[in-house]
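*Asks:* Build the 3D model from these lines:
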Amino acid sequence: MRGAFTHPGRLLLASIACVLGAAALTYIIDPLQLFRPSRVVAPFYSDDTRVQNAGLIRSQSFNTAFMGTSLAIHFRQSDIDHALGVHSLKLAMTGSNSRQQGFVLEQAIDRGAKRVIWAMDDFIFVDAADIESDPFLSVDLYRGPAKGIASYLLSAAMAKESLFALLRSVPPLRQSLTRAAPYLPVKFALSDVDDIYALPRDFDVARGYNAEKTLAAFAYITSPVRSRFLGEGYRYDAMVRHFEQDVVGLIARHPDVTFDIYFPPYSILQFVAMRDASPATLKIVTDLTAVTAQRLTQLPNVRLYDFRAIKDVTHDLDNYGDVIHHSPVVDAKVLSWLARGEYRVDPKAPLASLDELKAQVAAYRVER
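*Replies:* Below is the predicted model of the structure:
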């Protein structure tokens, strides 16, 4: 009888020891750098920005936070710093909404950011889950309560990352494992924080961004079987509500922080697609712009820029990989415009750039 209980007891003790050992390994290695900048092993970073940002905010030194969606994801921190004379932290998250962006920015501001550069897409204001119940962003990981720390330390995925980081620190294995990391089932594979979700430095821009791709994307999204998706999630009242809560609320809570907010330079075909296939969506977008432009230009700690009516860029379809995502060449232009204060929206005429955009959209004809 005693033996029947002994073996399960030993198994339980062994399991507890394994869990505690894995938690201790994660605490010591700390792959996300939640507790301290990496010292035991060389730091590595992940393209999973919703998770990685929690560690970056706690481990990096910065005075400026850079936020956006996939339209801002390929900027490099070093380029932002050089162009604007700041010490930046890129926190852009693909497909993120205003709830997620506002929450992450608040954490960065609480850690010392005195300037925010915010690429503000209209589609970030679509209705979505409240941040406290968001299944895609762990608020506890950012806030650091006992629940968040426990989930981090007891995560099998983080234990695996910690073990791999430890093995990668062994001199005979370092070079080969570092080279192999991008091809292995590990998330923390980037050795330079500047490379987080950035295009490779030898990326063929002309092949990735060209008019052929842009026109093909336009034809795809305006196809009758898909055009209904152009307006998916666009509900004016909900979008205005989220703008007020997630953007204006954040700005009002931090009057000592400077917010440089810009409307990204979509290709003209983004708006033409709405014009031709979903005019109700276009009206929501322009009405929303009118509200946001008038509201933001009245806030004393905001500088608003509108890059959507710059014909030399937005009508040159070789600048795009689809109807909205622009090339690194345009990334550099955006930084130079911000540095020189170009295309800033005049508080005395907040709708001037919107009126120019409307005129361009009405007059544009697609050459297939």
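
*Asks:* Would you mind measuring from residue 356 to residue 197?
*Replies:* 32 Å (CB to CB, to the nearest Å). Heads up, the C-betas are built off the backbone N, CA and C, glycines and all.

*Asks:* If you count surrounding residues, which of these two has more?
*Replies:* residue 197 (21 against 15; other CB atoms under 10 Å).

*Asks:* residues contacting that one?
*Replies:* Residues in contact with residue 197 (CB atoms under 8 Å, 6 or more residues apart in numbering) are 47, 49, 73, 74, 92, 94.

*Asks:* any idea which of those is the one closest to residue 185?
*Replies:* Closest approach between the contacts of residue 197 and residue 185, by CB to CB: residue 47, at 13.7 Å.

*Asks:* With secondary structure as added columns, please give the contacts of residue 197 in CSV.
*Replies:* Shown next, in CSV, are the contacts of residue 197 (DSSP: H, G, I helix; E, B strand; the rest coil):
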residue, secondary structure
47, coil
49, helix
73, coil
74, coil
92, coil
94, coil
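
*Asks:* Between these, which sits nearest residue 80?
*Replies:* Closest approach between those and residue 80, by CB to CB: residue 92, at 10.8 Å.

*Asks:* Would you check that the closest one makes contact with residue 77?
*Replies:* No. Here residue 92 lies out of contact with residue 77, judged by CB atoms under 8 Å, at a distance of 10.7 Å.

*Asks:* got any residues that touch both of those two?
*Replies:* Jointly contacting residue 92 and residue 77 under the rule CB under 8 Å, 6+ apart are residue 66.

*Asks:* Kindly reformat the contacts of residue 197 as a markdown table and extend each row with neighbour count and pLDDT.
*Replies:* Shown next, in a markdown table, are the contacts of residue 197 (neighbours: other CB atoms under 10 Å; pLDDT from 0 to 100):
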| residue | neighbour count | pLDDT |
| --- | --- | --- |
| 47 | 17 | 93 |
| 49 | 20 | 96 |
| 73 | 21 | 94 |
| 74 | 18 | 95 |
| 92 | 23 | 98 |
| 94 | 14 | 96 |
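
*Asks:* residues near the residue nearest to residue 22 when sequence neighbours are not counted, how many?
*Replies:* Leaving aside its sequence neighbours, residue 22 sits nearest to residue 159 (CB to CB, 6 or more residues apart in numbering; 3.9 Å). Residue 159 has 21 neighbouring residues, counting by other CB under 10 Å.

*Asks:* got the contact list for residue 159?
*Replies:* Residue 159 sits next to 22, 23, 25, 26 when contact means CB under 8 Å, 6+ apart.

*Asks:* Pop out the phi and psi values for the second one.
*Replies:* In other words, residue 23. The phi/psi pair for residue 23 (degrees, to the nearest 10) reads phi -60, psi -40.

*Asks:* any low-confidence regions in the stretch 201-350 of the chain?
*Replies:* Low-confidence segments of the stretch 201-350 of the chain (pLDDT under 70): none present.

*Asks:* Strands along that one, start to end?
*Replies:* Using DSSP state E, counting those that start in this stretch, the strands of the stretch 201-350 of the chain run over 258-263, 302-306.

*Asks:* Distance-wise, check residue 53 relative to residue 83.
*Replies:* For residue 53 relative to residue 83 (CB to CB), the value is 22 Å.

*Asks:* what's the answer for residue 46, then?
*Replies:* The gap separating residue 46 from residue 83 is 26 Å, by CB to CB.

*Asks:* again with residue 168
*Replies:* For residue 168, the distance to residue 83 (CB to CB) stands at 33 Å.

*Asks:* Looking at the two now, which is surrounded by more residues?
*Replies:* More neighbours surround residue 168 than the other of residue 168 and residue 83, with 22 against 19 (other CB under 10 Å).

*Asks:* Can you tell me the element the nearest residue to the more buried one once chain neighbours are set aside falls in?
*Replies:* Closest residue to residue 168 apart from its sequence neighbours, by CB to CB, 6+ apart: residue 177 at 4.4 Å. When elements are assigned from DSSP states H and E, residue 177 belongs to helix 171-180.

*Asks:* which strands and helices sit next to that helix?
*Replies:* When contacts are defined as 3 or more CB pairs under 8 Å, 6 or more residues apart in numbering; DSSP states H and E, helix 171-180 packs onto helix 156-168.

*Asks:* how far away is residue 348 from residue 298?
*Replies:* Residue 348 sits 11 Å away from residue 298, going by CB to CB.

*Asks:* neighbour count winner among these two?
*Replies:* A count of neighbours by other CB under 10 Å puts residue 298 above the other of residue 348 and residue 298, at 11 against 7.

*Asks:* Tabulate the strands of the stretch 201-350 of the chain (JSON lines), appending distance to residue 136 and mean neighbour count.
*Replies:* What follows is these, written out as JSON lines (distance: least, CB to CB, whole Å; neighbours: other CB atoms under 10 Å):
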{"stretch": "strand 258-263", "distance to residue 136": "23", "mean neighbour count": "21"}
{"stretch": "strand 302-306", "distance to residue 136": "28", "mean neighbour count": "22"}
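
*Asks:* With distance to residue 220 as extra columns, can I get the ones you listed in TSV?
*Replies:* Compiled in TSV, those are given as follows (distance: least, CB to CB, whole Å):
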stretch	distance to residue 220
strand 258-263	24
strand 302-306	27
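
*Asks:* of all those strands, which lies closest to residue 63?
*Replies:* With CB to CB, the closest approach to residue 63 among those belongs to strand 258-263: 10.5 Å.

*Asks:* And that closest one, what does it pack against?
*Replies:* Counting by 3+ CB pairs under 8 Å, 6+ apart, strand 258-263 packs on strand 115-119, strand 302-306, helix 328-340.
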